[in-house]
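>>> Make a model of this:
(one chain, ligands or ions: 3)
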Amino acid sequence: GLDITWAVDWVRRSAESMSEHRVELITLDREIGDGDHGENMDRGFQAVLPKLDDLPAGSTPADVLKLVATTLISTVGGAAGPLYGTAYLRASGASAGATSIDAAGVAALLAAARDGIVARGKAESGDKTMVDAWTPAVDAARAAADGGSTAAEALQAAASAAAAGSDATIPLVARKGRASYLGERSAGHRDPGAQSTAYLLEAAAAAAT
Ligand code: ADP
Ligand code: MG
Ligand code: MG
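Ligands and ions are numbered 1, 2, ... in the order given. Reported below is the predicted structural model:
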């Protein structure tokens, strides 16, 4: 199962990925939004890093996820801050108390995160938002868990599905967020939040191997 070492490594890899893809996410958001997504996400995850050192002994993955949530809520801003903040807060709640998370736990954690984003942002599948990466990821993790996969395999399946979900946002017309102001002109561009979700889940899978 996935333990505290995994959770901390997920955060470190997430911060590395957001920094590495900062300009790319800015460019995507410049095309259909206001061009700050890469900067917002990089700032948020960089702010979590020093706090990892203050985690008390005996902390659980849920404690790490809660730390990410509170930090993202206070530092990311925009639409993505509260959405990702809610996602990590719900994921923390779904894994509360567990020292080790199995494949079913991975599916439950991702489903809770997705449900939090939907509760907060009211986007449906196909609205060209981060939900279009999260929902296929949840479905893939659940299928993997049902099929007897390990937690690491479930995360790998989720990450692949999120990447495909991000690709699938390209032809869509945005119906939520800033990109929706562009109407039909939003088609032909990848949703930045779906792509950051794909990177975060890729980091989660990499931390599990
Ligand atoms: P802002 O649009 O406030 O500048 P960001 O650029 O950081 O915030 O984040 C934009 C991303 O947030 C979008 O690419 C999209 O994935 C996501 N998003 C925006 N509104 C919603 C919503 N209502 N539900 C889900 N995701 C949303
Ligand atoms: Mg933006
Ligand atoms: Mg903004």
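
>>> Where is the longest helix in the chain?
Taking DSSP state H as the criterion, the chain has its longest helix at helix 103-121.

>>> buried residues in that one?
In terms of neighbour count (16 or more other Cβ atoms under 10 Å), helix 103-121 has its buried residues at 103, 105-118, 120-121. All C-beta atoms are positioned from the backbone trio N, CA, C, and that covers glycine.

>>> Find me the pLDDT at Thr75, would you?
Thr75 carries a pLDDT value of 97.

>>> Next, count neighbours for it.
16 (other Cβ atoms under 10 Å).

>>> likewise the one 5 residues further on?
Taking other Cβ under 10 Å as the criterion, the count of residues near Ala80 is 28.

>>> Likewise for Gly148?
By the measure other Cβ under 10 Å, the count of residues near Gly148 is 8.

>>> Return the distance of it relative to ligand 2.
According to Cβ to the ion, to the nearest Å, Gly148 stands 40 Å off from ligand 2.

>>> Now do the contacts for the residue of the chain found nearest ligand 1.
Nearest residue of the chain to ligand 1 (Cβ to the nearest ligand atom) works out as Gly193 at 2.0 Å. Neighbour list for Gly193: 37, 79-80, 83, 129-130, 133, 177 [criterion: Cβ atoms under 8 Å, 6 or more residues apart in numbering].

>>> what do you get for Lys128?
169, 172-176, 179-180, 186, 191, 194.

>>> rerun at 7 Å
Lys128 makes contacts with 169, 172-175, 179, 186, 191, as judged by Cβ atoms under 7 Å, 6 or more residues apart in numbering.

>>> ok, Asp115 touching Ala91?
No: using Cβ atoms under 7 Å, Asp115 makes no contact with Ala91, being 10.0 Å away.

>>> For Gly85, pull up the helix or strand it's in.
helix 80-94 (DSSP states H and E).
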